[in-house]
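Undergrad: fold the following for me, if possible:
(2 chains)
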Amino acid sequence: MLNKTGIPTKDQVLSRFPDRKALIKPKAILECYEDIPCNPCSTSCPFDAIEIGENINVQPKLHTDLCTGCAVCVPSCPGLAIVIAQIKGDRAVFKIPYEFLPMPEKGQVWDGVNRSGEVICDALIEHVAITSKTDHTAVVTASVPVEFIYDFVTVRVKQ
Amino acid sequence: MKHHELIIIGGGPSGLCAAKMAAEAGVKVLIVDRSPQLGGQLTKQTHKFFGSKAQYAKTRGFDIAKILIDQVIHHPNVTILQEATVVGLYPDKVVTVYQHDTYTRYQADKVIVATGASEKFLAFENNDLPGIYGAGAVQTLMNLYGVLPGQDIIMVGSGNIGLIVSYQLLQAGVHVKGIVEAAPTIGGYKVHASKIRRLGVPIFTSTTVQRAVGSTHLEAVELVKLDAKWQPLPGTEQIIPIDALCISVGLSPMHQLLSMVNAKTKYINELGGFVPIIDDHHQTTQEGIFACGDAVGIEEASSAMMEGYLTGLYVAEHLGKSHPESHALKEKYEHELDMLRNGPFGIKTKIGLEKLRKDDIHA
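TA: As a prediction, the model looks like this:
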């Protein structure tokens, strides 16, 4: 599936989520399903929560207890394959990488999009961070109804 | 005739890294590059790079170019010729250069050929219509000059370049109608594929371009599905209106200058085509002429940089000069290069290099 369409399977996606209890606090979801030579997620993490090790051709492993959801890894991943997820009541709050114009603005409602590129829900833009450290990759905080927590992956401006 | 200890042909990632090491070892280096700016393909790369710290991972390609250029441009041992095309290389290490309507001959003690690669193209009906580009041209137009190649585009090839350029096209506001891949699976990193897919771009595997449609310019393309033996399946043809088609079906090492000096080359599919036979120090079968980067086998820019550093160190030694940290640096870059080739994506290169070495012994 992934190697024909670019869409990971539901099982692949679920394998990267900690259990829902842990998601009361924000946690990194590492959607890297392939052994590629790359390790900036691991080296950028200030809390040593992402492990790759000496051989950089392995997929990153998250130490959920060490991850604070700080989102430093989000713009550090060259594959834009990391989001931060958190459950807040009936909302799932995400921090996602975004590299398109126009940039979303706080308070706007954008389309919530799944891994196939389909619009699945509304996404409320809660914050947009873009600093010299993120090197032109914005880290967008967006919330969606919690039932979309395993489906939502990015936002798109409403047409 | 002007004399330089070392002439490096090509100022891309590999050539620049070789220049840094050789210059630091005390070698007088001349870099000859045909472009108006140094950095090779890196100058067009707007995405963040993979790899580890030693390859400037998570830095955007054009910023890596700036770092590599800064490392050499002010070094007293380095001279740079830009907009200068090497038109001849001879076994006695004479290099002839055409620059600004002037033809000049240079004598080198050693030469490094770091000419990179050229794009492969596809044969199909009407493939010369205006609107059909190689991925390199699209990146040059769009990322260097700010010119869009079209409004509605199809990408042919799902290797990393095809996927990355598709993403850049989307960023520039071009409608990417799909990515076509003849193989049954996506060629490049899946993180790149997922990035494109969630933006709504479909990837058609086991599909190829049958023909382009149009009289004065591209108006549409006919795609066709392929069976398990890569043969077109009749009845699966589909015509899609587009005004641009981008071909990204791989690269071939630029070995031509090496053929000019009769350095032995060998066709190795895994390395992208004809590559020079090189020894452990990246020396070709022609004494004093070395090669590194994509010119000796297609890989990522990260590997080209590591090879460049190593080749710079080796050549300095051949010139009787040693980098003050030669031993440690060689160990470091050999380790880094090995690491980059250690995963599933590096296997192809490893097999290719093994074939090359084997041939070397029996040659």
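Undergrad: so what's B:Pro344 scoring on pLDDT?
TA: Listed pLDDT for B:Pro344 reads 85.
Undergrad: tell me which element it falls in.
TA: Under DSSP states H and E, no helix or strand contains B:Pro344.
Undergrad: quick one: it and B:Lys350, what's the gap?
TA: 11 Å (C-beta to C-beta, to the nearest Å). Placement of C-beta: from N, CA and C, glycine included.
Undergrad: B:Ile298 now?
TA: From B:Ile298 across to B:Lys350, the span is 13 Å (C-beta to C-beta).
Undergrad: same check on A:Leu30?
TA: When A:Leu30 is compared with B:Lys350 (using C-beta to C-beta), they lie 27 Å apart.
Undergrad: swap in B:Tyr333?
TA: From B:Tyr333 to B:Lys350 the distance is 17 Å (C-beta to C-beta).
Undergrad: out of these two, name the residue with the larger neighbour count.
TA: Set side by side, B:Tyr333 and B:Lys350 show more neighbours around B:Tyr333, with 22 against 13, by other C-beta atoms under 10 Å in any protein chain shown.
Undergrad: using PDB, write out every CA atom in stretch B:86-98.
TA: Provided in PDB are the C-alpha atoms of stretch B:86-98 (Å, rounded to 0.1, in the frame of the first residue of the first chain):
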ATOM      1  CA  VAL B  86      36.200  22.300 -19.800                       C
ATOM      2  CA  VAL B  87      36.300  21.300 -23.400                       C
ATOM      3  CA  GLY B  88      39.300  19.000 -23.300                       C
ATOM      4  CA  LEU B  89      41.200  16.700 -21.000                       C
ATOM      5  CA  TYR B  90      44.400  15.000 -22.100                       C
ATOM      6  CA  PRO B  91      46.400  12.100 -20.600                       C
ATOM      7  CA  ASP B  92      49.300  14.500 -19.800                       C
ATOM      8  CA  LYS B  93      46.800  16.400 -17.500                       C
ATOM      9  CA  VAL B  94      46.400  19.300 -19.800                       C
ATOM     10  CA  VAL B  95      42.900  20.800 -19.300                       C
ATOM     11  CA  THR B  96      41.500  23.100 -21.900                       C
ATOM     12  CA  VAL B  97      38.900  25.700 -20.800                       C
ATOM     13  CA  TYR B  98      36.500  27.800 -22.800                       C
END
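Undergrad: show me where the stretch 251-363 of chain B has strands.
TA: Taking DSSP state E, counting those that start in this stretch as the test, the strands found in the stretch 251-363 of chain B are B:251-253, B:265-268, B:273-276, B:289-291.
Undergrad: let me have these in CSV, extended by distance to B:Ala84.
TA: Below are those laid out as CSV (distance: least, C-beta to C-beta, whole Å):
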stretch, distance to B:Ala84
strand B:251-253, 21
strand B:265-268, 25
strand B:273-276, 22
strand B:289-291, 19
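Undergrad: now, of those, which is deepest in the fold?
TA: Mean neighbour count (mean count of other C-beta atoms under 10 Å in any protein chain shown) peaks for strand B:289-291 among these, with a mean of 28.
Undergrad: now for that strand, which elements pack on it?
TA: strand B:102-113, helix B:301-318 (3 or more C-beta pairs under 8 Å, 6 or more residues apart in numbering or on different chains; DSSP states H and E).
Undergrad: how about those, which one is nearest chain A?
TA: Checking the helices and strands packed on strand B:289-291 against chain A by C-beta to the nearest C-beta gives helix B:301-318 as the closest, at 7.5 Å.
Undergrad: and the closest one, how far from the chain's centre?
TA: On the basis of C-alpha atoms, centre = their mean, to the nearest Å, the separation between the geometric centre of helix B:301-318 and that of its chain is 16 Å.
Undergrad: again with stretch B:237-253
TA: Worked out by C-alpha atoms, centre = their mean, stretch B:237-253 lies 19 Å from the chain centre.
Undergrad: now the stretch 1-150 of chain B, which segments are flagged as low pLDDT?
TA: Applying pLDDT under 70 to the stretch 1-150 of chain B flags no residue at all.
Undergrad: ranges for the helices of it?
TA: B:13-24, B:61-73, B:135-139 (DSSP state H, counting those that start in this stretch).
Undergrad: export those helices to JSON lines and tack on distance to A:Glu34 and mean neighbour count?
TA: Shown next, in JSON lines, are the helices of the stretch 1-150 of chain B (distance: least, C-beta to C-beta, whole Å; neighbours: other C-beta atoms under 10 Å in any protein chain shown):
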{"stretch": "helix B:13-24", "distance to A:Glu34": "24", "mean neighbour count": "30"}
{"stretch": "helix B:61-73", "distance to A:Glu34": "21", "mean neighbour count": "19"}
{"stretch": "helix B:135-139", "distance to A:Glu34": "22", "mean neighbour count": "22"}
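Undergrad: could I have the CA atoms of the top strand by length along chain A written out in CSV?
TA: Ranked by residue count under DSSP state E, the longest strand found in chain A is strand A:119-129. What follows is strand A:119-129, C-alpha atoms only, in CSV (Å, rounded to 0.1, in the frame of the first residue of the first chain):
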residue,chain,number,x,y,z
VAL,A,119,-10.9,16.7,3.3
ILE,A,120,-12.4,15.0,6.4
CYS,A,121,-13.3,17.7,8.9
ASP,A,122,-12.8,21.3,9.9
ALA,A,123,-9.6,22.3,11.6
LEU,A,124,-9.3,25.3,13.9
ILE,A,125,-6.0,27.0,13.6
GLU,A,126,-4.8,27.8,17.2
HIS,A,127,-1.3,29.0,16.6
VAL,A,128,1.3,29.4,13.9
ALA,A,129,5.0,29.5,14.8
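Undergrad: list of residues touching it?
TA: A:93, A:98, A:103-114, A:138-145, A:148, A:151-152, A:155-156 (C-beta atoms under 8 Å, 6 or more residues apart in numbering or on different chains).
Undergrad: so is the helix or strand hosting A:Ala85 next to chain B?
TA: Here A:Ala85 sits within strand A:82-88, counting by DSSP H and E. No - judged by C-beta under 8 Å from any C-beta of the partner chain, strand A:82-88 stays clear of chain B, getting no closer than 9.7 Å.
Undergrad: go through that strand and flag the buried ones.
TA: Neighbour-count burial for strand A:82-88, counted by 16 or more other C-beta atoms under 10 Å in any protein chain shown, picks out A:82-87.
Undergrad: count of neighbours near B:Gln168?
TA: Count around B:Gln168 with other C-beta under 10 Å applied: 21.
Undergrad: just to revisit the earlier point, strand partners of the longest strand of chain A, parallel vs antiparallel please.
TA: According to DSSP bridges, strand A:119-129 has the following sheet partners: strand A:109-114 (antiparallel), strand A:138-145 (antiparallel).
Undergrad: how about the shortest one as PDB, C-alpha atoms only?
TA: It refers to strand A:109-114. Extracted C-alpha coordinates of strand A:109-114, given in PDB (Å, rounded to 0.1, in the frame of the first residue of the first chain):
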ATOM      1  CA  VAL A 109     -11.000  27.500  10.100                       C
ATOM      2  CA  TRP A 110      -9.200  25.400   7.500                       C
ATOM      3  CA  ASP A 111     -10.000  22.000   6.000                       C
ATOM      4  CA  GLY A 112      -8.600  19.000   7.900                       C
ATOM      5  CA  VAL A 113      -7.100  16.500   5.500                       C
ATOM      6  CA  ASN A 114      -6.300  12.800   5.800                       C
END
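Undergrad: and that strand, what's buried?
TA: Buried residues in strand A:109-114, defined by neighbour count with 16+ other C-beta under 10 Å: A:110-114.
Undergrad: let's have those residues in CSV, adding pLDDT and distance to B:Cys246.
TA: As requested, the buried residues of strand A:109-114 are exported to CSV (pLDDT from 0 to 100; distance: C-beta to C-beta, whole Å):
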residue, pLDDT, distance to B:Cys246
A:Trp110, 98, 29
A:Asp111, 98, 27
A:Gly112, 98, 30
A:Val113, 98, 24
A:Asn114, 98, 27
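Undergrad: could you say which helix or strand holds A:Val153?
TA: Assigned by DSSP H and E, A:Val153 belongs to strand A:152-156.
Undergrad: any idea of the mean pLDDT in that strand?
TA: The pLDDT scores in strand A:152-156 average 98.
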